[in-house]
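K.L.:
Okay, predicted coordinates and the sequence, questions at the end:
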Amino acid sequence: MMQTQCIDAKKQPVSGTRLGGRIIKQGGLVAFPTETVYGLGADGLNADAVRGIYEAKGRPADNPLILHIAKKSDVRALWDDVPRKARQLMDAFWPGPLTLVYNKSALVPDIVSAGLDTVAVRMPANKIARALIKAAQTPVAAPSANKSGRPSPTTAQHVLEDLGGIIPLVIDGGGTLHGVESTVLSVGAIPMLLRPGIVTQRMIEGVVGRIRVHARLLLPPDEGDTAVSPGMKHRHYAPDCQMLVFCGSLYGMARRIGEEYDARVAQNQDCVIFATQQTQHFYRGRKYVIIGDRDHPETLCANIFRLLRAWGSAADVILSESIAAEDAGLAFMNRLLRAAGYACIECRE
Ligand code: TXA
Ligand code: MG
């Protein structure tokens, strides 16, 4: 066991990033806030340091990492070239929650890309993240700072739950803004959406025209299809309890969830309902929590991982509503269905 130091970036902005930069330069690991979720960073050009990330997380070796940079021009050293569509997207969305995947340069160690010919790069909007990358003077390889398979961390406390005693430093920047990980887009001739996020298909198409969307964002991964986005095939976001997702009309869902709740409570199970602002009135007298506002799916994104962690250990079963998988709702439904193992109960009126 090592002692994990947690530095509050609001109280000590400089010492956190300075110490963090030094640890990363020396080949160590530092957890830090971004605008999406907390990342677990290491020197992205040092293969041994990157190996440390896989070990700390218990991450499968075939799941590649994202390199985080502090200024746009830093991408040039990491890719073969910068295609026009990538440049347009960088200008529109960087710094921000969009990760771009393109052919990697010889500088990028194979362990970062898990043996693929491409590498994922993003420039985070969070100022603490960028200050840390600058201090480290290297691209920072960083997956989400959770144990592999667990919900991504949106607070420093979540990071400590999973990695306390395993890493030397967590920089605490408070709760993250968006709550779900960045959008991942590969930028070939026709770009393809590999992981939905707060930067939506519609926003991307507004800049580069029609893109493709990976066919299984809401379905269990196809065994043969590991090369396109390796991260999608692994179990993810699982809460520590059973979880059921319901879909259909608002009224149909609410009625079915109510019945399921009552049946389980009668068997002494501790149930909680993930409801929305618009549907909470259906559940009066039952235990529910509001994930967010259906008309603003980004509000559901902001809360989902925190609620999966909190209720996963406080309930026997989570009964969750679903929302339309459009815009940021696609990001929400992608995370929700993965957390539930893709089971969705169809509800009729
Ligand atoms: O918001 C985020 O992206 C956060 C913060 C820390 O920046 N990071 C994050 O990293 O979510 P991670 O490792 O948990 O997710 C990276 C995703 C995985 O699904 C991985 O398979 C995919 O990006 N990915 C990385 N490199 C890739 C590549 N070369 N080709 C296809 N997919 C790739
Ligand atoms: Mg992750």
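P.N.:
Received it, and whenever you're ready, just let me know what you need. Ligands and ions are numbered 1, 2, ... in the order given.

K.L.:
Up against ligand 1, what does the stretch 1-150 of the chain have?
P.N.:
34, 36-37, 39, 63-66, 97, 99, 101, 113, 116, 118-120, 122, 142-144 (Cβ under 6 Å from any ligand atom). C-beta coordinates here come from the backbone N, C-alpha and C atoms, glycine included.

K.L.:
pretty sure residue 186 contacts residue 194?
P.N.:
Yes: Residue 186 is within contact range of residue 194, at 5.9 Å (criterion: Cβ atoms under 8 Å).

K.L.:
And residue 333, its phi and psi?
P.N.:
Torsion angles at residue 333 (phi, psi; degrees, to the nearest 10) stand at phi -70, psi -30.

K.L.:
give the contact list for the nearest residue to it once chain neighbours are set aside.
P.N.:
Nearest residue to residue 333, sequence neighbours excluded (Cβ to Cβ, 6 or more residues apart in numbering): residue 325, at 4.2 Å. Taking Cβ atoms under 8 Å, 6 or more residues apart in numbering as the criterion, residue 325 is in contact with 217-218, 332-334.

K.L.:
could you pull out the strands for the stretch 201-349 of the chain?
P.N.:
Assigned by DSSP state E, counting those that start in this stretch, the strands in the stretch 201-349 of the chain fall at 212-213, 242-248, 271-276, 288-292, 317-321, 344-347.

K.L.:
what's the offset of the fourth one from the middle of its chain?
P.N.:
Taking Cα atoms, centre = their mean, to the nearest Å, one finds strand 288-292 lying 20 Å from the centre of the chain it belongs to.

K.L.:
Sheet-wise, list the partners of that strand with their directions.
P.N.:
Partner strands for strand 288-292, per DSSP bridges, with pairing direction: strand 271-276 (parallel).

K.L.:
So what touches the strand it pairs with?
P.N.:
257, 260-261, 264-265, 282-283, 286-294, 300, 307, 311, 314-321, 323.

K.L.:
Restricted to strands, list the residues of the stretch 1-150 of the chain next to ligand 1.
P.N.:
39, 66, 99, 101, 118-120, 122 (DSSP state E).

K.L.:
circling back to that earlier point, and the contacts of strand 271-276 near ligand 1, which?
P.N.:
Near ligand 1, by the rule Cβ under 6 Å from any ligand atom, you find none of the contacts of strand 271-276.

K.L.:
In ChimeraX, select just the buried ones from those.
P.N.:
Only the buried members of the contacts of strand 271-276 end up in this ChimeraX selection, burial being decided by 16 or more other Cβ atoms under 10 Å:
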select :257,260,261,264,282,283,286,288,289,290,291,292,294,300,307,311,315,317,318,319,320,321,323
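
K.L.:
Can you read off the pLDDT for residue 225?
P.N.:
Residue 225 carries a pLDDT score of 62 in this model.

K.L.:
beta partners for residue 242?
P.N.:
The partner residues for residue 242, given DSSP bridges, come to residue 317.

K.L.:
quick one on the thing from earlier: any chance of the strands of the stretch 201-349 of the chain in CSV, plus mean pLDDT?
P.N.:
Output for the strands of the stretch 201-349 of the chain, formatted as CSV (pLDDT from 0 to 100):
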stretch, mean pLDDT
strand 212-213, 97
strand 242-248, 96
strand 271-276, 98
strand 288-292, 98
strand 317-321, 97
strand 344-347, 94
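
K.L.:
mind putting those in CSV, distance to residue 160 included?
P.N.:
Listed next are those as CSV, based on distance: least, Cβ to Cβ, whole Å:
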stretch, distance to residue 160
strand 212-213, 36
strand 242-248, 24
strand 271-276, 24
strand 288-292, 23
strand 317-321, 23
strand 344-347, 33
